[in-house]
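> Pasted the sequence and its predicted model underneath.
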Amino acid sequence: MSDSTRSNAFLSIARPYVRRTLANELDGVLVHGLESTIAHARARPLVIATTHVSFWDPLLVFALDQALPGEGRALMDAANLARLPFFGRVGAIPLDRSDRQRALADLDSAAAMLDAPEKRVWIFPQGRQRPTHLRPLGLRPGVLRLVAASGAAVVPVALTYAFRECPRPACLVSFGEPIEPSALAEGGLDTLEWALLRELAVIDNAHEARSDDGFVTLVASRVPRPDDSIATKWLARLVR
């Protein structure tokens, strides 16, 4: 696994493009638990395991990683990375799931990158997009190999998309506290599943309460609000 595809010049262009795209297409990106994760990232290398909901997720991971100190990489299906090579230019690394030995080698190569604080590797342990309401979550064991080979703690991250007072969905993200490698080794994927479900519950409770308490706005929405449209304002005046 080579770092040769990562390009700082391309990153300088891609970062504002991604934020602008998310702002224009989503009703904002709101994040819970970010400050705690920043502190953990400064202190140690991390594996960040996130739920996988839609095609937006890789762009969300890219934007989320910018909020953390140091350097992050993200494992991406090798076939998809070959089809979308620009993700390699911003730091995605391949995971070839077509062959078990190649997949293990890719996971071990990713683990070798976790050699210092402020280093991290993102992984979608479900391996594919799944609706957030399905149980169990369908986690795959690659994340266990990554943690065992690196000795890094794993941070559970839940993300989902919810319609609020806007015709576009908001992205809601919740970072949990790190799970130590020993706890993951003992409890296996069940330990990670329970942690991800806790973070999904944080999002569900905030959405149900219509409250953003504890969430920070990572990307502010530029989507026009329905009540700000000219048509809505004229209708309001007509019925007064």
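That came through fine.

> Next secondary structure element downstream of the lengthiest helix in the chain?
Counting by DSSP state H, the longest helix found in the chain is helix 189-209. Remark: after helix 189-209, the chain's next helix or strand is strand 215-219, criterion DSSP states H and E.

> Show me the contact partners of that following strand.
Taking Cβ atoms under 8 Å, 6 or more residues apart in numbering as the criterion, the residues outside strand 215-219 that touch it are 19, 22-23, 26, 28-32, 34-35, 63-64, 67, 172-173, 206. The way it works is simple: take the backbone N, C-alpha and C, and place the C-beta from them, glycine included.

> send the alpha carbons of that strand over as PDB?
Extracted in PDB, the C-alpha atoms of strand 215-219 (Å, rounded to 0.1, in the frame of the first residue of the first chain):
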ATOM      1  CA  PHE A 215     -24.100  18.900  18.900                       C
ATOM      2  CA  VAL A 216     -21.800  21.300  17.100                       C
ATOM      3  CA  THR A 217     -22.300  22.500  13.500                       C
ATOM      4  CA  LEU A 218     -19.400  21.300  11.500                       C
ATOM      5  CA  VAL A 219     -20.900  22.400   8.100                       C
END
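
> pretty sure residue 170 is in a helix, no?
No: the assignment for residue 170, made by DSSP: H, G, I helix; E, B strand; the rest coil, is strand rather than a helix.

> For it, give me its contacts.
26, 27, 28, 29, 30, 161, 162, 163, 164, 221.

> tell me the centre residue of the chain?
With distances taken as Cα atoms, centre = their mean, the residue of the chain nearest its centroid is residue 61 (3.9 Å).

> Give me the phi and psi angles of that residue.
Per-residue torsions, residue 61: phi -60, psi -40 (degrees, to the nearest 10).

> correct me, but it touches residue 51?
No: taking contacts as Cβ atoms under 8 Å, residue 61 lies outside contact range of residue 51: 11.2 Å.

> quick one on the thing from earlier: for the longest helix of the chain, which positions count as buried?
Of the residues in helix 189-209, those buried under the neighbour-count criterion (16 or more other Cβ atoms under 10 Å) are 189, 191-193, 195-197, 199-200, 202-204, 206-207.

> That one versus strand 215-219: what angle between them?
Note on geometry: by axes from the mean of the first three to the mean of the last three Cα atoms, to 10 degrees, helix 189-209 and strand 215-219 are set 90 degrees apart in direction.

> send the alpha carbons of helix 189-209 over as CSV?
The C-alpha coordinates for helix 189-209 follow below in CSV (Å, rounded to 0.1, in the frame of the first residue of the first chain):
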residue,chain,number,x,y,z
LEU,A,189,-18.0,-7.6,17.3
ASP,A,190,-20.8,-7.5,19.9
THR,A,191,-18.9,-4.9,21.9
LEU,A,192,-18.6,-2.7,18.8
GLU,A,193,-22.2,-3.2,17.9
TRP,A,194,-23.4,-2.1,21.3
ALA,A,195,-21.2,1.0,21.2
LEU,A,196,-22.6,1.9,17.8
LEU,A,197,-26.1,1.4,18.9
ARG,A,198,-25.5,3.7,21.8
GLU,A,199,-24.4,6.5,19.4
LEU,A,200,-27.4,5.8,17.2
ALA,A,201,-29.6,6.3,20.2
VAL,A,202,-27.9,9.6,20.9
ILE,A,203,-28.9,10.8,17.4
ASP,A,204,-32.4,9.4,17.6
ASN,A,205,-33.0,11.0,21.0
ALA,A,206,-31.8,14.4,19.7
HIS,A,207,-33.9,14.1,16.6
GLU,A,208,-37.0,13.1,18.5
ALA,A,209,-36.6,16.0,21.0
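
> Good, we can wrap up now.
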